[in-house]
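Visitor: build me a model from this:
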Amino acid sequence: MSTPWPAVAPDELDDHIRGLERVAYARFDLEADEEIIPVATPAGHFDVRVLHVNRDADTQPPVFLLHGVGSFSALAVEMAAYLRDRHIVILDWPGHGLSGPCAIPGPGVLRTFAVSVFQGVLDELGLPVVDVVAHSLGGQFSLYAAIDIPRRIRRLALVGCPGAGLKGGKPIPPMLVMAMPFVGKRLMSTQITAERFERFNAMAIGPGAGAHLPEEVHMIGFYMANRPDYGPSVSTYFRALIQGRGLRAMHNVPIADLERITAPTLFAWGDKDTFHTPTNAAESIVAFRDHRLLRLPHAGHAPWLDEPELVGRALVAHLSD
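Guide: Next up, the predicted model:
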């Protein structure tokens, strides 16, 4: 990026983001229509925004696409393009994207909150079962759903380390600061510059990851991170996830519970993932009854950005009847 992206007035920000999304999806010959869904959770009632791609497709269960903490759904637009023959439901977690604000009251409610959002959206949309493609925290939340509401998930694809879901994961240094009471909230509520945005992305998903994507995709993430509700909301996720200098062990799914997951599961995981590696997570991976590992030696935390064709084709194969 050679020059900073232009400032946008707060009252024009959401419409500006929507315009960038239309362009970004069109770059991959996709169209998305938006829906706001009210969902009740133990942490409160939230307005959850979903996007539908190819909504009229009905040959197979829809694909439920879930992003990670502090991230945004348009980052997966290239991955969605490989699934263009399916109905794709793309969710903005509460407090992220263009969903309403959110406050996670504490670590003990995180799992029930996640499953409530997952199930509430599917119920409101009238979707009895879905295939799930999930990244990072979305993967962690999908593991909870695969255990607590197993009949709602036919197949599961986890791209990158699934958040704190598997034992041994660790946060990156900026997340430790963001999780600090008062300091994290204040830091994330300040104006985020384009340079700061790109430095964080380089640490989280790897230097140069997604550099080939249209500029509109990166701009969407930058402007979403500058929405007034973003910082205060996302900082509560980090506080719920992190304690001291590590991830809270209470969020790890025990091996005995992983063994209960019946949905065929694909792991697409890079050896350069900064949060956890497939080698170090081997004990957890082999606990799944029906699993396949696509190990990517040169990929980071968002492997589809480093190896889009390998990951895209693996997803198509895994999610096919």
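Visitor: for the chain, which helix or strand comes out least confident on mean pLDDT?
Guide: Lowest mean confidence among the helices and strands of the chain (mean pLDDT, DSSP states H and E): helix 183-189, at a mean of 69.
Visitor: okay, buried residues for the helix or strand encompassing Arg196 please.
Guide: Per DSSP states H and E, Arg196 falls inside helix 194-205. Neighbour counts over helix 194-205 (16 or more other CB atoms under 10 Å) mark Phe197, Phe200, Asn201, Ala204, Ile205 as buried. From N, CA and C alone the C-beta is placed, and that goes for glycine too.
Visitor: double-check that Phe238 belongs to a helix.
Guide: Yes - counting by DSSP: H, G, I helix; E, B strand; the rest coil, Phe238 is located in a helix.
Visitor: how many neighbours does it have?
Guide: 22 (other CB atoms under 10 Å).
Visitor: how about the one 4 residues further on?
Guide: A total of 23 residues lie near Ile242 under the criterion other CB under 10 Å.
Visitor: over to Pro278?
Guide: Around Pro278 there are 19 residues (other CB under 10 Å).
Visitor: what secondary structure does it sit in?
Guide: coil.
Visitor: in a strand, Arg84, correct?
Guide: No - counting by three-state DSSP, one finds Arg84 to be coil, located in no strand.
Visitor: what sits against it?
Guide: Residues near Arg84 by CB atoms under 8 Å, 6 or more residues apart in numbering: Asp29, Leu30, Val53, Asn54.
Visitor: check Pro254 too.
Guide: Contacts of Pro254 (CB under 8 Å, 6+ apart): none.
Visitor: neighbour-wise, which one of the contacts of Arg84 leads?
Guide: Busiest of the contacts of Arg84 [other CB under 10 Å] is Val53, holding 24 neighbours.
Visitor: what about that residue, distance to Pro4?
Guide: To Pro4, Val53 is 31 Å away according to CB to CB, to the nearest Å.
Visitor: same question, Val217
Guide: Val217 is 17 Å from Pro4, where distance means CB to CB.
Visitor: more neighbours: which of those two?
Guide: Each of Val217 and Pro4 has its neighbours counted (other CB under 10 Å); Val217 has more, 25 against 11.
Visitor: pLDDT at the more buried one, what is it?
Guide: Predicted confidence (pLDDT) for Val217: 97.
Visitor: that one touches Asn201, doesn't it?
Guide: No - with contact defined as CB atoms under 8 Å, Val217 does not count as touching Asn201 (11.2 Å).
Visitor: what do the two both touch?
Guide: With CB under 8 Å, 6+ apart as the test, Val217 and Asn201 both reach Gly210.
Visitor: surely Ser233 touches Ala103?
Guide: Yes - with contact defined as CB under 8 Å, Ser233 counts as touching Ala103 (6.6 Å).
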